[in-house]
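>>> generate a structure from the sequence data that follows.
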Amino acid sequence: MRVDKKQHSHLGLIIAIIISLIIIVSIFIAARFYLRKSIYKPTITYSSTVTSQQENISWPHYGQSAIATDDYGNIEDYGSKQQQPTASTAKIITALAILQEKPISVNSDIPNVVLGQSDVDLYTYYASHNGSNVKVVAGESITEYQALEAIMLPSSNNMADSMAIWAFGSLTNYQKYATKMLKSFGLSNTTIGIDACGFSATTKSTAHDLAIIGLKALNNPVLASIVKQQSAIIPVVGAINNVNQLLKDHNDIIGIKTGNTDEAGGVFVLGGVQDFDGHKQNIVTVVMGAADVSTAQNDAYSLFNSAEQNFKYQKIISTNQNMGYYSVPLSSDKYYIKTKSDYSMFVWSSTVPSIEFELKSIHINTNDDVGYVLVKLNQKLIKKIPVTAAGSIEYNNPLLNILFK
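Modelled structure (predicted):
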């Protein structure tokens with residue numbers, strides 16, 4: 001069959017036109033994408049207005065001490081950096097480990113733990129060695145929550161060991177578990193010893209690590225609900241009282257744990273809340289190596305008060321704050337980068353937050369989200385605040401409007 005030359009020519013022309021159109025459209029799309037990617041680049045004009053002024057900090061002039069908050073983590077510490085015996089503040093670690101392995105809700109009445117003769121033997125041992133204890137009897141049934149109250153309020157050594165054995169099978173297994181847990185917290189300067197209660201001087205830590213551990217306790221709903229109690233009722237013994245005397249006298253104290261042995265001296269991990277016009281933050285202070293537990297508590301409270309004086313609640317970012325702009329070639333117009341919300345926080349006197357930006361460099365339309373303002377403390381992300389590009393870009397040349405907008 002013969003193909004007419006004229007018909008063949010028309011077909012070739014059509015194919016050529018189609019190919020040309022495909023090439024033109026592809027070039028247009030590629031150019032439009034490239035221009036969108038390359039021309040809208042942000043210029044930052046933000047300047048911080050956050051201020052700081054350091055006040056005196058009431059550091060005890062013995063042992064070691066530390067201050068920590070949720071946002072800042074460990075802020076500052078003072079004195080020795082060497083591990084020292086923790087005494088009964090080790091029970092914070094024990095309680096956190098038990099709750100991680102056997103989680104419960106606040107005031108839970110399950111599971112029931114049935115105590116046996118080995119638990120009675122532990123009670124007898126600590127009672128005869130002048131260690132903190134609560135009486136138990138063989139066959140006694142106690143809930144996990146009540147057992148944790150016995151550990152944290154009257155600081156029962158025997159209940160700490162009994163519950164560690166109940167949760168992990170043995171004190172050796174508990175030691176391995178707790179060590180791994182602390183590593184997951186980013187802590188490497190705490191040694192878990194041969195018991196779960198801190199009676200042995202083999203459990204050692206630093207004020208730095210104990211401050212972070214204290215924050216973990218306050219952020220655990222179950223443990224936080226226990227350490228603020230002044231008293232509780234448990235089986236066999238009945239009423240038990242919290243040995244943290246500051247709870248009775250100060251409304252801003254919410255825990256956490258005392259400790260006292262001959263080797264450790266007085267140790268105290270204090271949990272307090274700072275309230276500024278309804279804005280609150282938890283502050284943990286730690287004192288180790290005091291002459292006695294009463295001195296440790298008083299000095300930790302003085303440290304807490306001076307820490308409060310070094311915090312100022314400040315607005316970091318305001319809503320609709322101008323952070324910069326996107327400039328566009330061939331136009332004097334700009335897209336202004338505006339914040340969509342505000343953010344305020346407690347600012348420590350010597351460590352103000354840094355502001356970084358996570359912004360797109362692509363084509364934008366009026367009021368498009370273009371990224372975030374990042375509020376950071378020591379490279380730790382505290383808050384992401386969305387930003388938008390507000391404005392309108394117009395070009396005199398219609399082709400530029402097609403390509404650039």
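
>>> wait, residue 335 touches residue 360, no?
No. Counting by CB atoms under 8 Å, residue 335 sits too far from residue 360 to count as a contact (11.1 Å). (C-beta placed from N, C-alpha, C; glycine too.)

>>> more crowded one of these two?
residue 335 (24 against 17; other CB atoms under 10 Å).

>>> pull the helix or strand hosting the more buried one out as PDB, backbone CA atoms only.
Using DSSP states H and E, residue 335 maps to strand 334-339. What follows is strand 334-339, C-alpha atoms only, in PDB (Å, rounded to 0.1, in the frame of the first residue of the first chain):
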ATOM      1  CA  LYS A 334       8.500  41.300  49.700                       C
ATOM      2  CA  TYR A 335       6.800  38.400  51.500                       C
ATOM      3  CA  TYR A 336       7.100  39.200  55.200                       C
ATOM      4  CA  ILE A 337       7.700  36.200  57.500                       C
ATOM      5  CA  LYS A 338       5.300  36.400  60.400                       C
ATOM      6  CA  THR A 339       4.800  34.200  63.500                       C
END
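
>>> and after that strand, which helix or strand comes next?
Next helix or strand after strand 334-339 toward the C-terminus (DSSP H and E): strand 343-348.

>>> following that following strand, which helix or strand shows up next?
Next element after strand 343-348 (DSSP H and E): strand 354-359.

>>> packing partners of that following strand?
Under the contact criterion of 3 or more CB pairs under 8 Å, 6 or more residues apart in numbering; DSSP states H and E, strand 354-359 touches strand 41-44, strand 368-377, strand 380-390.

>>> can I get the ones you listed in JSON lines including mean pLDDT, mean neighbour count and distance to residue 146?
Shown next, in JSON lines, are the helices and strands packed on strand 354-359 (pLDDT from 0 to 100; neighbours: other CB atoms under 10 Å; distance: least, CB to CB, whole Å):
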{"stretch": "strand 41-44", "mean pLDDT": "82", "mean neighbour count": "14", "distance to residue 146": "56"}
{"stretch": "strand 368-377", "mean pLDDT": "91", "mean neighbour count": "18", "distance to residue 146": "39"}
{"stretch": "strand 380-390", "mean pLDDT": "91", "mean neighbour count": "17", "distance to residue 146": "37"}
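
>>> the ones you listed: which one's closest to residue 125?
Across these, residue 125 has its closest neighbour in strand 380-390 (43.7 Å, CB to CB).

>>> so who does residue 351 touch?
52, 72, 75, 377-378 (CB atoms under 8 Å, 6 or more residues apart in numbering).

>>> ok, of the residues you listed, which come out buried?
With burial judged by 16 or more other CB atoms under 10 Å, the buried subset of the contacts of residue 351 is 72, 75, 377.

>>> find the nearest non-adjacent residue to residue 93, please.
residue 178 (5.5 Å; CB to CB, 6 or more residues apart in numbering).

>>> tell me the SS of the one you found?
Counting by DSSP: H, G, I helix; E, B strand; the rest coil, the backbone at residue 178 sits in helix.

>>> quick check, residue 285 in a strand?
Yes. Membership of residue 285 in a strand is supported by three-state DSSP.

>>> close enough to count as contact, it and residue 69?
No. Judged on CB under 8 Å, residue 285 makes no contact with residue 69 at a distance of 10.2 Å.

>>> those two: who's more crowded?
Using other CB under 10 Å, the more surrounded residue of residue 285 and residue 69 is residue 285, with 26 against 20.

>>> center of the protein, which residue is that?
Centroid-nearest residue in the chain, with CA atoms, centre = their mean: residue 70, separated by 4.9 Å.

>>> give the contact list for it.
By CB under 8 Å, 6+ apart, the contact set of residue 70 is 215, 219, 281-282.

>>> coming back round to it: separation between the residue nearest to residue 93 and residue 206?
From residue 178 across to residue 206, the span is 16 Å (CB to CB, to the nearest Å).

>>> right, I'll call it a day here.
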